[in-house]
Structure formats: C-alpha cells, structure tokens
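[1] Need coordinates for the following:
(one chain, ligands or ions: 2)
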Amino acid sequence: MAELKYISGFGNECASEDPRCPGALPEGQNNPQVCPYNLYAEQLSGSAFTCPRSTNKRSWLYRILPSVSHKSFEFIDQGHITHNWDEVDPDPNQLRWKPFEIPKASQEKVDFVNGLHTLCGAGDIRSNNGLAVHIFLCNTSMGNRCFYNSDGDLLIVPQKGKLLIYTEFGKMLVQPNEICVIQDVSPFNVVAWHGNYTPYKYNLENFMVINSVAFDHADPSIFTVLTAKSVRPGVAIADFVIFPPRWGVADKTFRPPYYHRNCMSEFMGLIKGHYEAKQGGFLPGGGSLHSPMTPHGPDADCFEKASKAKLAPERIADGTMAFMFESSLNMAVTKWGLKTCNCLDENYYKCWEPLKSHFTPNSRNPAETN
Ligand SMILES: O=C(O)Cc1cc(O)ccc1O
Ligand SMILES: [Fe+2]
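    Residues are numbered from 1 along each chain as shown. Ligands and ions are numbered 1, 2, ... in the order given. Next up, the predicted model:
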C-alpha cells in the first residue's frame, strides 16, 4: 500500500480532496445548488448547533452518495458487547487482569467487531452520559464489514499489532473512529471534505511531559492527554492520562505514585514496559480497575525501594507506556471481566500484604531509624 500522508494540527480546520477530482470542494459555500462533480454535500456535526463558535465541531463531506442511502438497520448478535451494568454485584475490590488472550487465527477468525469485549462501564447511552471500556482481541481484517459507533467517541489504544483503519475521512494506521454501516454501497465514498470534526491519531511519544523539578509529587492531571468533558466544569466523564518515560528529579520526595483513595474511578492499562508503582504483576496487555474510594498505591517492593533510594536524577520508566482512564463515573465490571475472560488476577491484593509498619513512636526523624 502507498505510504499514508497525514494532515497535522489537532482541532484545526482541515480540508482534503481526492487528487483524482481536483476542485471537488465547493468554493465559498458549503451547499451549492449542484456540487462539483455532482457530489452530495453532507454535514457531520460533533457539537450542538447552539455551541459557541470556539467549541463548534463539524465537517462537510462531499460524497458519491449520502450516508442515508442504506438499507434498514437490523439487529445482529451483540457478541460480547453490553451496556448492562447490573450483570454482577458491585465489586469494590482492587481488580487486576493478566494480559488478555488474543485468539489464534488458525483456531478462530475474529475481526475487530467480533473481538470487542466489554470489561466495565457506567452510564446510559440514552442520555449520552457514560463510558465503557472494551478490550478488543482480534486476529483478522474486517474485510468488507465496517463499524460505526453513534454512542460517543471511540478511543482506540492498541497494545499489540497494527490497526489499519479505513474511515470516511481517509485511511490511518491508528485512530478513534466513527463511520457509517451501509449493505451494498461503500460508506467510503467521500471524494472531498473540510472541517474540524475528524478522526485523528496521535503518537504518545510526542506528548510533552512535565514533572516536578523541585520537590513533591504532582498529581497525574499533568499527564492528561485528552478529556471527555461532563456537564460539570473540571469533572470529566473520562480523562485519558499517560505515564510516559521522563526524568524524576524531585528532592526529599517519595517519587512513585502515593497511596490514595480517589473519588474518581481509575482504569489502567500498560502498552509496554513496566509501571512505576508495581514491581511485577501489572503486565503489558493487562489492565486494572480501582473503583471510587478503593485504596491502592505502590506494592510493597516498590514502597521499600523508593523510601530508601538515593535521590539522584533518574529516568523513570524508560521504554514504558502506561495509561489511565480517570472517570467521575463508577464503572461496573461485566460477567466477562470477572469470569469468562479468565484473566482476573485473583492474587492482586497480595502485592500489598507484605507492607509492614515502620512507625517509630519515639523518634520523629526517619534518618535516625533508617
Ligand atoms: O493509581 C495510579 O497508579 C495512578 C496514579 C499515579 C500517581 O502518580 C498519582 C495518583 C494516581 O492515581
Ligand atoms: Fe490511582
């Protein structure tokens, strides 16, 4: 396949024309009586039409046939996708999953859609307020199938293998994606488009990470890459946060994540390497969920090492990439997540069992006792 070219600029107004149809974008207006090349004009809106201009998101697509030329939607087997958050009793335990197993293509061919398994989630698709974490485990191309998601934004975080994604806006190797499902015509019939509501991809290595350069531990909001806002200012449906390689230089500081109980829920995953708060057990391709107010933090090994470490500047987590969805919603785990996937780490809680008391009631100064 020819090398893909990308338009850069997050949130910018962008425009693209199929080079075989120069001038396919109308000039000076979106809705000429007849569009160049006799294309259909179609708007895709990503914000309410009353949003202030600065938050308005929409794109115009010029296509061979409008998306509406499709057969009736029909019910298909839901597979492993669910929005039933009452399948199992609420579980406030710290939950951790071993790497989820990708089925072998020689045994069973599974494409992206069949391979989606809902792990946890909260909220309601009718009120457009909520989120869900799905694990995709696939080994086969979608072929002539396509997928569209009208429930919300789809953030794809691949951990293994590459995804070549065909969207109405073009092709990409990795990206969030919203497209239309049609039977006998191709939804990929867009000849030109312009606007600021488009799929995009982003290389996490480009994140300009910041950190404390004096002392103490900044909370992980400094690592927020993307936010799905709720109606409450400053409180997200989900923040997408990463823990990338960086320098740790903070003086007189316990540098790994602190122990905490959080009014938000935290779903974490590891793309590669190892996570700074866990010496073992949290592996690439696995995940963890800490529900609101469920205590968690560094495992016993990490605590012992970091409290004794000589505090020189050090590279934190070289070659790693952990991520977190920090959500104001209390996510329920599905039956698949707790049982069927067979990846739940029953021993997770044990990583904190060796923690011992270091309390020295008669001496305030740690240096005297260490
Ligand atoms: O739980 C975690 O490991 C994520 C996390 C990291 C950190 O540095 C501070 C708070 C926090 O939730
Ligand atoms: Fe946390």
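
[2] The residue of the stretch 251-370 of the chain found nearest ligand 1: how many residues sit nearby?
    Closest residue of the stretch 251-370 of the chain to ligand 1, C-beta to the nearest ligand atom: Pro257 (3.3 Å). Any C-beta I mention is one placed from the backbone N, CA and C, and that applies to glycine too. Using other C-beta atoms under 10 Å, Pro257 has 19 other residues around it.

[3] Could you check stretch 199-213 and say which residues are buried?
    Pro199, Tyr200 (16 or more other C-beta atoms under 10 Å).

[4] what's next to it, contact-wise?
    Stretch 199-213 is contacted from outside by 6, 10, 165, 167, 169, 172-178, 218, 222-223, 225, 242, 244, 246-250, 253, 271, 321, 323, using C-beta atoms under 8 Å, 6 or more residues apart in numbering.

[5] got a pLDDT number for Ile179?
    On pLDDT, Ile179 comes in at 27.

[6] quick one: the strands in the stretch 101-250 of the chain?
    116-124, 129-136, 165-167, 170-172, 190-195, 224-229, 236-243, 246-248 (DSSP state E, counting those that start in this stretch).

[7] ah, wrong one, I meant the stretch 251-370 of the chain
    So, for the stretch 251-370 of the chain - with DSSP E, counting those that start in this stretch - the strands run 265-272, 287-290, 314-316, 321-327, 332-333.

[8] mind listing what whatever residue of the stretch 1-150 of the chain ends up closest to ligand 1 touches?
    Nearest residue of the stretch 1-150 of the chain to ligand 1 (C-beta to the nearest ligand atom) works out as Gln94 at 10.0 Å. Residues near Gln94 by C-beta under 8 Å, 6+ apart: Ser288, Leu289, His290, Thr294, Pro295, His296, Tyr348, Tyr349.

[9] hmm, try it at 7 Å
    Residues near Gln94 by C-beta atoms under 7 Å, 6 or more residues apart in numbering: His290, Thr294, His296, Tyr348, Tyr349.

[10] one step back: okay if I get the strands of the stretch 251-370 of the chain as CSV plus mean neighbour count?
    Shown next, in CSV, are the strands of the stretch 251-370 of the chain (neighbours: other C-beta atoms under 10 Å):
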stretch, mean neighbour count
strand 265-272, 20
strand 287-290, 24
strand 314-316, 13
strand 321-327, 23
strand 332-333, 23
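
[11] got any ranges where the stretch 1-150 of the chain has weak pLDDT?
    Low-confidence segments of the stretch 1-150 of the chain, defined by pLDDT under 70: 1.

[12] if we can go back for a sec, now the residue of the stretch 1-150 of the chain closest to ligand 1: how far from His296?
    5 Å (C-beta to C-beta, to the nearest Å).

[13] And Trp352, by the same measure?
    From Trp352 over to His296 the distance is 8 Å, taken as C-beta to C-beta.

[14] out of the two, which sits in the busier spot?
    Higher neighbour count among Trp352 and His296: His296, with 23 against 16, using other C-beta under 10 Å.

[15] surely that one meets Ser288?
    No - His296 lies out of contact with Ser288 (C-beta atoms under 7 Å); the separation is 8.2 Å.

[16] just so I have it, where are all the helices in this protein?
    Remark: helices assigned in the chain by DSSP state H are 300-308, 335, 366-369.

[17] thinking again about what came up before, could the strands of the stretch 101-250 of the chain go into CSV alongside distance to ligand 1 and mean neighbour count?
    As requested, the strands of the stretch 101-250 of the chain are exported to CSV (distance: least, C-beta to the nearest ligand atom, whole Å; neighbours: other C-beta atoms under 10 Å):
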stretch, distance to ligand 1, mean neighbour count
strand 116-124, 16, 21
strand 129-136, 16, 20
strand 165-167, 29, 18
strand 170-172, 29, 17
strand 190-195, 36, 22
strand 224-229, 12, 15
strand 236-243, 7, 21
strand 246-248, 11, 16
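
[18] Quick one: these as JSON lines, columns for distance to Asn31 too.
    What follows is those, written out as JSON lines (distance: least, C-beta to C-beta, whole Å):
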{"stretch": "strand 116-124", "distance to Asn31": "35"}
{"stretch": "strand 129-136", "distance to Asn31": "33"}
{"stretch": "strand 165-167", "distance to Asn31": "23"}
{"stretch": "strand 170-172", "distance to Asn31": "23"}
{"stretch": "strand 190-195", "distance to Asn31": "13"}
{"stretch": "strand 224-229", "distance to Asn31": "30"}
{"stretch": "strand 236-243", "distance to Asn31": "33"}
{"stretch": "strand 246-248", "distance to Asn31": "49"}
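
[19] hang on, the earlier thing: surely the residue of the stretch 251-370 of the chain closest to ligand 1 and His296 touch.
    No - at 8.6 Å, Pro257 does not count as touching His296 under the criterion of C-beta under 7 Å.

[20] Name the residues of the chain found near ligand 1, please.
    Asp219, Pro220, Pro257, Tyr258, His260, Glu266, Ala277, His296, Met324 (C-beta under 6 Å from any ligand atom).

[21] Spit out the contact partners of the last one.
    If you count contacts by C-beta under 7 Å, 6+ apart, Met324 has them with Pro220, Val241, Glu266, Phe267, Met268.

[22] For Ala277, see how far away the residue of the stretch 251-370 of the chain closest to ligand 1 is.
    Going from Pro257 to Ala277 by C-beta to C-beta gives 4 Å.

[23] got a list of what the residue nearest to Gly121 when sequence neighbours are not counted touches?
    The shortest distance from Gly121 to any non-neighbouring residue, by C-beta to C-beta, 6 or more residues apart in numbering, is to Ala132 (3.2 Å). By C-beta under 7 Å, 6+ apart, the contact list for Ala132 reads His83, Thr118, Gly121.
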